[in-house]
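>>> Just to be clear, the model below is a prediction. Sequence and coordinates:
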Amino acid sequence: MEISEIVTKADIKQLKEDIFEELRRNRFFGAKAPSKKEWLKSYEVCGLLSISKGTLSSYRRRGIVRYSKIGGLMYYKYEDIEALLLKK
């Protein structure tokens, strides 16, 4: 005789959140992540957050992400992007 288990919407929602969190963690801490860099360029941040350049620009304007501008290039602290990714 087989025992059945009822799965609720809350169970499915929690599973989905757990899977997304694991995917975010793996993407950020995986082999492609720039693990020892203190500063990231815009294209690296876009890749890590899976966002477009326009979205990153919007994040800067709205104060969602901190940055430093040096010689016309935007740089982002690795730890700030890590915190944003884990919060996302």
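In hand now; what should we look at?
>>> Show the contacting residues for K53.
42-43, 46 (CB atoms under 8 Å, 6 or more residues apart in numbering). For the C-beta atoms, the positions are set from N, CA and C on the backbone; glycine is no exception.
>>> Mind listing what's buried along stretch 53-62?
Neighbour counts over stretch 53-62 (16 or more other CB atoms under 10 Å) mark 56, 59-60 as buried.
>>> same thing with stretch 38-51?
Within stretch 38-51, the residues that qualify as buried are 40, 42, 44-46, 48-49, 51, counting by 16+ other CB under 10 Å.
>>> So which of these belong to helices?
In helices, defined here by DSSP state H, the members of the buried residues of stretch 38-51 are 42, 44-46, 48-49.
>>> biggest helix in the protein by residues?
helix 9-29.
>>> Look up phi and psi at Y76.
The phi and psi values for Y76, taken as degrees, to the nearest 10, are phi -130, psi 140.
>>> now the lowest-mean-pLDDT helix or strand in the chain and helix 42-49, what's the angle there?
Sorting the helices and strands of the chain by mean pLDDT, DSSP states H and E puts helix 9-29 at the bottom, at a mean of 78. Here the directions of helix 9-29 and helix 42-49 differ by 150 degrees (axes from the mean of the first three to the mean of the last three CA atoms, to 10 degrees).
>>> pLDDT below threshold where in the chain?
By pLDDT under 70, the weakly predicted segments of the chain are 1-2, 27-36, 88.
>>> Figure out the helix or strand that K37 lives in.
For K37, there is no host helix or strand (DSSP states H and E).
>>> Setting aside sequence neighbours, what's the nearest residue to it?
Y78 (5.7 Å; CB to CB, 6 or more residues apart in numbering).
>>> looking at this, Y75 is in a strand?
Yes: counting by DSSP: H, G, I helix; E, B strand; the rest coil, Y75 is part of a strand.
>>> what's near enough to touch it?
Here Y75 is in contact with 39-41, 67-69 (criterion: CB under 8 Å, 6+ apart).
>>> For it, give its distance to E44.
10 Å (CB to CB, to the nearest Å).
>>> ditto for L56
11 Å.
>>> What separation is there between V45 and L15?
For V45, the distance to L15 - CB to CB - is 29 Å.
>>> From the centroid of the chain, which residue is nearest?
By CA atoms, centre = their mean, the mean C-alpha position of the chain lies nearest to L85, the distance being 2.8 Å.
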